[in-house]
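Engineer: everything below, folded, please.
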Amino acid sequence: EALGQALPRVTGTAATLDVSIEELLGSFATLTGVSGNTAEVSTQLAAIFTALVKPSSEAAQMASAMGVKFDAAAIKAAGGFQSFLQQLDGTIKSYAQSTGMLEQEIYGKLFGSAEALRALIPLNGELADKFAQNVSAMQNSAGTMGAAYEEITSTAESQAQLIENRWSAVSDFFATFIVPIQPFLEFGSTVLGTVANV
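Structural biologist: Now for the predicted structure:
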């Protein structure tokens, strides 16, 4: 339920950035309970995506100084959101070592909000491996719903429910023909009853 309410806040922007559904759900799976609840994670991801869709002038200057592209096209060029974050983190670490700037300061200049940083630092830090595992699990989940459906429908109770549903469908089908002619049937029945009485 929480995910159903949170996803619409980020799916539009994620689609604009070519962030896959697996990467998006992997981000939620990784961050929920760590950087906040589901609603807070959606706010954090929205802040990241907004910074990439419309980089600030400070972000553009920082990216130019590091020699990286920091926009929607950069995610596609990197091969996805996860790869983009990994490449960006490597570049930031190198730039921080060569200039003496703090990594967090560079991230702050690029993304410009505390919400974005609350998600980025774990995704590129202590949770990077977990993030990769979650995205991989999402990518390899094809067929899971089908397998679960087959398991559920194999029970006797489920088979009985399916038969009941099909019978209801047949009844509804016949009802579509009977309802329009029902007044005529009732009239005919009345006429026949009258004739029989006469």
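Engineer: can we go C-alpha only for contacts and neighbour counts from here?
Structural biologist: Fine.
Engineer: average pLDDT across stretch 140-159?
Structural biologist: Mean per-residue pLDDT for stretch 140-159: 70.
Engineer: endpoints of that stretch, how far apart?
Structural biologist: End-to-end span of stretch 140-159 (Cα to Cα, to the nearest Å): 29 Å.
Engineer: give me the helices and strands touching the helix or strand harbouring residue 159, please.
Structural biologist: Assigned by DSSP states H and E, residue 159 belongs to helix 156-197. Of the remaining helices and strands, none touches helix 156-197 by 3 or more Cα pairs under 8 Å, 6 or more residues apart in numbering; DSSP states H and E.
Engineer: so how far is it from its chain's centroid?
Structural biologist: Distance of helix 156-197 from its chain centroid, counting by Cα atoms, centre = their mean, to the nearest Å, is 44 Å.
Engineer: again with stretch 14-34
Structural biologist: That offset, for stretch 14-34, works out to 7 Å (Cα atoms, centre = their mean).
Engineer: let's see that stretch as CSV, backbone CA atoms only.
Structural biologist: Below are the C-alpha coordinates for stretch 14-34, written out as CSV (Å, rounded to 0.1, in the frame of the first residue of the first chain):
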residue,chain,number,x,y,z
ALA,A,14,12.2,8.2,-13.7
ALA,A,15,10.8,7.4,-17.1
THR,A,16,12.1,10.7,-18.4
LEU,A,17,15.5,9.7,-17.3
ASP,A,18,15.3,6.1,-18.6
VAL,A,19,15.6,4.7,-15.1
SER,A,20,14.3,1.1,-15.4
ILE,A,21,11.5,-0.2,-13.1
GLU,A,22,14.0,-2.7,-11.7
GLU,A,23,16.4,0.1,-10.7
LEU,A,24,13.5,2.1,-9.3
LEU,A,25,12.1,-0.8,-7.2
GLY,A,26,15.7,-1.8,-6.2
SER,A,27,16.2,1.7,-4.9
PHE,A,28,13.1,1.5,-2.8
ALA,A,29,14.0,-2.0,-1.5
THR,A,30,17.5,-0.8,-0.5
LEU,A,31,16.6,2.5,1.1
THR,A,32,13.3,1.9,2.8
GLY,A,33,14.0,1.5,6.5
VAL,A,34,17.5,2.9,6.1
